[in-house]
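K.L.:
how does the following fold in three dimensions:
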Amino acid sequence: MNEAKVLQWLGMICLLAGIARIGMTPTSFIWGTDSVPELVFGYVACILMSVGSIALYLVQSRETGVLGFISVLGIIIGNVVTTALLFMSFVVDTSQPEPDSLVVAISGMGSMVGLTVGTVLFAIMTYRAKVFPRWIVALHVLMLLGMFLPVADNKLFALFWGLTYVGMGYCIWTGKLTPGAVAKPGAQKTLGA
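P.N.:
The predicted model follows:
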C-alpha cells in the first residue's frame with residue numbers, strides 16, 4: 001500500500017471518528033449525559049481520532065511545519081488521555097463521585113489543555129496553510145464556540161466536534177483540498193487524487 005492510499009484511509013478514519021463523535025449528542029439527549037451509549041460513542045471516537053488525526057498534519061505538513069505537528073500532537077495526546085479516562089468509566093462505578101487524586105486531576109486537565117490548545121493552534125495553522133477549504137476553518141470556529149453554548153451538560157459540543165472531523169476526513173478521503181494544494185508538484189500523488 002502506497003503513501004497516498006494510507007493517507008486516504010487515515011482520512012476515512014477521521015470521517016468515521018467524526019460520525020462516532022456526533023453519535024454522542026443524540027445518545028446524551030435520549031439516555032442522559034454519561035450514559036453507557038454516549039460513553040461508547042465517545043470511546044470509539046477517541047480511539048479513531050487518536051489514530052486518524054495524524055492525517056490532519058500529513059496533508060499540510062509542508063505548510064504548517066513544526067507548529068502544525070505540535071498542534072496535532074496535542075490533539076492526539078488529548079484524545080489518548082480521554083480514551084483512558086473513558087475506559088475507566090467502564091471499569092469503575094460512575095454513580096460514585098470521582099476519586100480525588102492528583103493523577104485524575106492532572107489527566108483531566110492535560111486532556112482538556114491538549115485538546116483545546118491543540119485545536120486552537122491547529123485551526124490557526126490550517127487557516128494559514130490554505131490546504132483545507134475555508135469551511136473547515138469555519139467548522140473549527142463553530143466547534144470552539146460550541147463549548148460556550150448555554151445547553152445543559154454541553155451536549156451539542158460533540159455534534160460540532162464531530163462535524164469538523166467529518167469535514168476534514170471527507171476532504172482527505174476524496175482529495176478535495178484547495179486547488180493550490182492539489183496543484184503543487186507531487187501533491188496529486190500524495191493526495192491520491
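K.L.:
next, name the residue at the spatial heart of the protein.
P.N.:
Centroid-nearest residue in the chain, with C-alpha atoms, centre = their mean: Met49, separated by 5.1 Å.
K.L.:
go ahead and confirm that residue touches Ile19.
P.N.:
No. Look at Met49 against Ile19 with C-beta atoms under 8 Å: they stay out of range, at 11.4 Å. C-beta coordinates here come from the backbone N, C-alpha and C atoms, glycine included.
K.L.:
what packs against whichever helix or strand the residue nearest to the centre of the chain is part of?
P.N.:
Per DSSP states H and E: Met49 is located in helix 36-52. Packed against helix 36-52 by the contact rule (3 or more C-beta pairs under 8 Å, 6 or more residues apart in numbering; DSSP states H and E) you find helix 3-22, helix 24-31, helix 61-91, helix 157-174.
K.L.:
what's the pLDDT at Leu85?
P.N.:
Per-residue pLDDT puts Leu85 at 84.
K.L.:
if you could redo that for Thr27, that was the one I meant.
P.N.:
At Thr27, pLDDT is 95.
K.L.:
residues near it, how many?
P.N.:
Using other C-beta atoms under 10 Å, Thr27 has 20 neighbouring residues.
K.L.:
these two touch, right, it and Ser35?
P.N.:
Yes. Between Thr27 and Ser35 there is a contact under C-beta under 8 Å: 6.4 Å.
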